[in-house]
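Colleague: need a structure here:
(one chain, ligands or ions: 2)
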Amino acid sequence: MESVIERIKKQKFFKFAGGIHPPEQKFLTVDKPIKTITLAKELILPVKQHIGKAGDILVQVGQKVLKGQALTKNDNPMCVPVHAPTSGTITAIKPSTMAHPSGMTDLCIFITPDGFDTWIKRDIVEDFKSLSKADIVDKIAAAGISGMGGAGFPTNIKVNTTPGIKFLIINAAECEPYITSDDLLMRERSAAIFNGLSILNHLLEPENILIGIEDNKPQAIKALKAATNDSKNIHVCVLPTKYPTGGEKQLIQALTGQEVPSGVLPVSLGVIVQNVATVFAISEAIIDDKPLIRRVVTVTGQALKKPQNLWVPLGTPISHLLEQCGFSQNSSEHDITQQRIIMGGPLMGFTLPSLDVPVVKTTNCILAPTVAEISPATKELECIRCGQCAEVCPSSLLPQELQWHAKAKEYDQLEKLNLFDCIDCGACAYVCPSQIPLVQYYRVAKAEIRQNKVQEAQAEKAKIRFEARNIRLEKEKLAREEKHKKAMAARKAATSPEQAKSNNSAVAAALARVKAKKAAQATATDVPVAEEADVKTRAAQAIARAKAKKTAAANAASAEQSVDKTDENIAPEQVSSAAAEKKARTAAAVARAKAKKAAAANAASAEQSVDKTDENIAPEQVSSAAAEKKARTAAAVAKAKAKKAAAANAASAEQSVDKTDENIAAEQVSSAAAEKKARTAAAVAKAKAKKAAAVKASSAEQSVDKTEESIASEQVSSAAAQKKARTAAAVAKAKAKKKIEREESKSAQEELDLVIDTKSVAKTSKQVEISPAELKKQKVAAAVAKAKAKKAATAANQETEAKKVSLSDTDKKAKIAAAISKAKTARAEKNKESE
Ligand code: SF4
Ligand code: SF4
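Modeller: Ligands and ions are numbered 1, 2, ... in the order given. Next comes the predicted model:
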C-alpha cells in the first residue's frame, strides 16, 4: 500500500465528499501586488478578535502608544493580546459594532494615529534556534497570533503540543472565489513563510510538513517549491481546485486520507493544521519581533474601481478600505440600495451590518459585488426537498433537516444530526434552489447552543458549589452539636455530686454560672466602696490635721499678738517712712517693759503650740506613709507660722535690743537708704538693749533658734522663702554674735546693766522672777529647743541633699543658740544667787 508521502510525491490525493465549483472570480486581484494602504484617521481595535478570552486592557484614554505596543495582556493561554498598529493616542475605549453578522457590539480601543508610525523597541532574532521552545511559544502568544484563516484559534496552544505529530499541514488552498490574499502573500513572502515553517518544524518536530495549495495558484506554487526545495520533509501538495478544499477536515482528508471523527480534534490523529498567513505571522513575530498588527486583505468586487490586495493595519474601518479601492456609495454603476458589502468570500462570508466595522485578525477579504454578481438576499421559499444541499455538503450532513430543527430551535435534534460538523462552507446554501440561507440558520443555532452550554456549565458549577456548601454546613452543624455535647459533659463533670443531683439539666448549670457571675460582679463592686471609704477617711484625717495645724498657728499668733501687736504695726511704718520709724521707736520703748512680762510666757506658749502641732503630726506619720507625708507638710506649714510668731516673739523679747535692728537689717537688704536709717536706729537701740539683754537673752536666743528653724523649713519649701530665711538668719546670727562678744568682754558696766536689768525685771513683774522652779523650767525649755533643732535638722537632712546644707547650718546655729541659752540661764541663776 502506498504511503501518504509516496502518494503526495506522485501528486495523488484523496477525495472528500461533496464540494462545489463556483465560478472563479480571483482574476480581479490575482495579478495585483500587495500594496500598503494609507492610514485611516482612526483605528478601531476590538479587544477580543479570536476564540477564547479577551485580555485585560493596559492603556487608558489619552495615553500615547507606539507601534507594536501591547494594548491588552495575555495572562491566560486562551487569551492573546492586541497591539497598536501604529503610533498615536488612545482616544476612546468603548463598545463598538463588531465584524459579525449579528451586528453585535464589543469593547474596542480607538487610536488616532500620529502619522509617525514609530515602532516600539524590538529585539531582532537572527537565529530562532537560540531560543528555547518555551520562549518561542511565549513569543507567539505575546505577539497576539491567532488563526488567520477563519476561526481565530490561539496559535500558541496549537503549537504547544506533545511530540508525535505526523503531519503539519499548511492550509494554502484558499478555495473561496475572489480571495487572493494568501496567493499574493506566498508569491511575495515565500522566504518568510519558509522561516515560519522552519520555526514550526523546530517546535513540533513533525514527520512531514504538507503545504496544501490549489492548482489555481501557479505562481505561489512555484515560489513555495523554490523556498522549500532543500527541505526533505516539506512537501508542496498541489490539489485540484474544488470548494471547500480549504476546510480543515477536508484538507486533512484530501492529503492524508484520514477522516476526522465528529467531536475529535485533528491533533488526536497526529495532525496539526496552520493557515499559511499564520505561518508568515509566526515568522515575523519570532525573527522580526513584530506582533500581529497587520494582514493582507483582498478588497475585491466589481463594485470597486481598484480591487487589490492590501497590507491593512488591524483596526482599519471597512469604509476606509473601500474608499482606497474606489468604492462610492453614490455610484450609479450599481444599485446602491441593494449593495452588499461582504466580509470574507461569497460562500463563507457574511454581509456587514455597517461600514464602520474594522478589519480584524481573521479578515482576509472584503467583497463589494454588484447586484449582478451576487444578488441581494431574497425572500426564501419552501424547501422542495430536492436534496442538492446534502449532495454538496462536504461534511456529509443533512442540511435540509438541520434547517428544520434550527427553525424550531430543537437543539437536541441538531446536535444529534452533528450540526457542529458543519464548517459553514455555504455550499448547501449556494446550491439551494429555494434561496434558503441555510448557513445563517446553522450559525444562529450553533451560537445559541454554545450559549446554552455555557449557561449549563455555569449552572452546573453553581450546583456543585451549592451542594458542597450544604455538605460543609451539615458538617459544621454536626461538629457544633458534638462540641456542645462535650461541653455539657464537661460541665456536668465539673459540678459537685450534690449540685449534679439537684441541677441535672443545662438550665441549672446556666443558673449556677449566672450566680457565680453576679457574685464576681458584687465582689468587684465592693472593692471600690472600700477604697472609697478609705479615701474618705483619709480625707477626713487630712482635714482634721489641717484644722489642728491652723489652730496651732492661730494660738502661736495670738500668743504673740499681745506682745507684738504694737511692734508689728510700727515695723511696717518704719519701713514706709522716717516719721513712722520715730513713732515706732517710741512705741517700742513703751512696749518693752510690757513685753518683758509676757515674753517668756509667750515664747513658751508659742513653742508649746509648735510642739503640740509636731506631736500631733508625728503619730500620723507613723500611721501611714500618706499621713506621714501630709503630716510633714502640715509640720512645715506650722513651723513657718511658728517662725513668723517666733520672729514676732523675738522682736518683742528683744524689743529694746533687736526690734529696730531687725527692721533696719531688712531695710538694709532692700535698699541703701533703709540701711542707713537702720544703722542709726541700731546705734540708738544698742544702749537701750543693754538693759534688757541679759533678761531676754534666753528668750531671745530661743526666738532666734526658732526663727532659724522656721527659716530652714522655708528654705526647704521654696527658693523665695529660703532667701528670706537666710536674711533673717544672718540678722539673728549677727545679733547672737554681738551678744556673745558682749558676754566675753565681761565688762563691769555690762554686769552692772545686767544686774539693773534683772532688778528692773523683778520690779516690773514678779511673775518673771526666776525661782528654782523657773530655772529648772528654763533648762528644760532649752533642752527641748535643742532637741527640736536637732529634730528639724535631721528631718531636713532626710528630705534632700540640698537641704542638708541649710539644715546643717541651722543645726549649728541651733546648737550655738542652745549653748547661749544655757549660758544665759546659768548667768541668770548666778545673778539670782548674787541677789
Ligand atoms: S437544497 Fe434547499 S430546497 Fe433543496 S433540499 Fe436542500 S434546503 Fe431543501
Ligand atoms: S454549510 Fe454546513 S451543511 Fe451546508 S454544505 Fe457546508 S458543511 Fe454542509
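Colleague: which ones are touching the closest residue to residue 39 other than its chain neighbours?
Modeller: Distance criterion C-beta to C-beta, 6 or more residues apart in numbering; nearest residue to residue 39, sequence neighbours excluded, is residue 113 at 4.8 Å. (C-beta placed from N, C-alpha, C; glycine too.) Shown in contact with residue 113 (C-beta atoms under 8 Å, 6 or more residues apart in numbering): 39-43, 86-88.
Colleague: 6 Å instead, please
Modeller: 39, 86, 88 (C-beta atoms under 6 Å, 6 or more residues apart in numbering).
Colleague: list the beta-bridge partners for it.
Modeller: Here residue 113 sits in beta bridges with residue 88, going by DSSP bridges.
Colleague: how far away is it from residue 120?
Modeller: Look at residue 113 and residue 120: by C-beta to C-beta, to the nearest Å, they are 15 Å apart.
Colleague: for residue 311, same thing?
Modeller: Applying C-beta to C-beta to residue 311 and residue 120 gives a distance of 19 Å.
Colleague: so what's the residue nearest to residue 39 scoring on pLDDT?
Modeller: The per-residue pLDDT reported for residue 113 equals 96.
Colleague: need the mean per-residue confidence for the host helix or strand of residue 788.
Modeller: Assigned by DSSP states H and E, residue 788 belongs to helix 772-799. Here helix 772-799 scores 68 as its mean pLDDT.
Colleague: low-confidence ranges in the stretch 251-400 of the chain?
Modeller: 329-338, 377 (pLDDT under 70).
Colleague: for the residue lying closest to residue 249 once chain neighbours are set aside, what are its contacts?
Modeller: Nearest residue to residue 249, sequence neighbours excluded (C-beta to C-beta, 6+ apart): residue 260, at 4.8 Å. Applying C-beta under 6 Å, 6+ apart to residue 260 gives the contacts 249, 252, 266.
Colleague: need the residues you listed in CSV (columns: neighbour count and secondary structure).
Modeller: As requested, those are arranged in CSV below (neighbours: other C-beta atoms under 10 Å; DSSP: H, G, I helix; E, B strand; the rest coil):
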residue, neighbour count, secondary structure
249, 21, helix
252, 25, helix
266, 19, helix
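Colleague: I'd like those laid out as TSV, including distance to residue 129.
Modeller: Formatted as TSV, those follow (distance: C-beta to C-beta, whole Å):
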residue	distance to residue 129
249	33
252	29
266	27
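Colleague: out of those residues, flag the one nearest to residue 400.
Modeller: Using C-beta to C-beta, residue 249 comes nearest to residue 400 of the contacts of residue 260, at 21.2 Å.
Colleague: quick check, pLDDT for that closest one.
Modeller: For residue 249, the pLDDT comes out at 93.
Colleague: distance of it from residue 232?
Modeller: 27 Å.
Colleague: cool, and residue 547?
Modeller: As defined by C-beta to C-beta, residue 547 lies at a distance of 124 Å from residue 232.
Colleague: cool, residue 45 as well?
Modeller: In this structure, residue 45 and residue 232 are 42 Å apart, going by C-beta to C-beta.
Colleague: helix, strand, or coil at residue 175?
Modeller: What DSSP: H, G, I helix; E, B strand; the rest coil gives for residue 175 is coil.
Colleague: ok, the nearest residue to it once chain neighbours are set aside - contacts?
Modeller: Spatial nearest neighbour of residue 175, excluding adjacent residues (C-beta to C-beta, 6+ apart): residue 246 at 4.1 Å. Applying C-beta under 6 Å, 6+ apart to residue 246 gives the contacts 171, 173, 175.
Colleague: contacting residues for whatever residue of the stretch 401-550 of the chain ends up closest to ligand 1?
Modeller: The minimum distance from the stretch 401-550 of the chain to ligand 1, using C-beta to the nearest ligand atom, falls at residue 432 (3.4 Å). Listed by C-beta under 6 Å, 6+ apart, the contact partners of residue 432 are residue 389.
Colleague: backbone phi and psi for it, please?
Modeller: The phi/psi pair for residue 432 (degrees, to the nearest 10) reads phi -70, psi 120.
Colleague: how far away is it from residue 389?
Modeller: Distance, residue 432 to residue 389, by C-beta to C-beta: 6 Å.
Colleague: tell me who's in contact with the residue in the stretch 101-250 of the chain that ligand 1 sits nearest to.
Modeller: As assessed by C-beta to the nearest ligand atom, ligand 1 sits closest to residue 243 within the stretch 101-250 of the chain, at 16.2 Å. Going by C-beta under 6 Å, 6+ apart, residue 243 touches 19-20, 22, 175.
Colleague: repeat that for 7 Å
Modeller: 19-22, 175, 347, 427 (C-beta atoms under 7 Å, 6 or more residues apart in numbering).
Colleague: can you check residue 181 too?
Modeller: Residues near residue 181 by C-beta under 7 Å, 6+ apart: 296-298, 309, 364-365.
Colleague: cool, and residue 189?
Modeller: For residue 189, the contact set (C-beta under 7 Å, 6+ apart) comprises residue 280.
Colleague: who wins for neighbours among the contacts of residue 243?
Modeller: Neighbour counts for the contacts of residue 243 (other C-beta atoms under 10 Å) peak at residue 427, which has 28 neighbours.
Colleague: ok, the spatially closest residue to that residue that is not a sequence neighbour - how many residues close by?
Modeller: Once flanking residues are discounted, residue 427 sits nearest to residue 392: 4.2 Å by C-beta to C-beta, 6+ apart. Using other C-beta under 10 Å, residue 392 has 23 neighbouring residues.
Colleague: just residue 551 next, same as before
Modeller: 15.
Colleague: how about it, what does it touch?
Modeller: Taking C-beta under 7 Å, 6+ apart, one finds nothing in contact with residue 551.
Colleague: distance of it from ligand 2?
Modeller: Applying C-beta to the nearest ligand atom, to the nearest Å, the value for residue 551 to ligand 2 is 122 Å.
Colleague: quick check: that residue vs residue 788, distance?
Modeller: Remark: distance between residue 551 and residue 788 (C-beta to C-beta) = 19 Å.
Colleague: where does residue 261 land in three-state SS?
Modeller: Put simply, residue 261 is coil when judged by three-state DSSP.
Colleague: angles on the backbone of it, please.
Modeller: In terms of degrees, to the nearest 10, the main-chain angles of residue 261 are phi -60, psi 160.
Colleague: now, among the contacts of residue 113, which is nearest to ligand 1?
Modeller: Nearest to ligand 1 among the contacts of residue 113, with distances taken as C-beta to the nearest ligand atom, is residue 39, at 44.9 Å.
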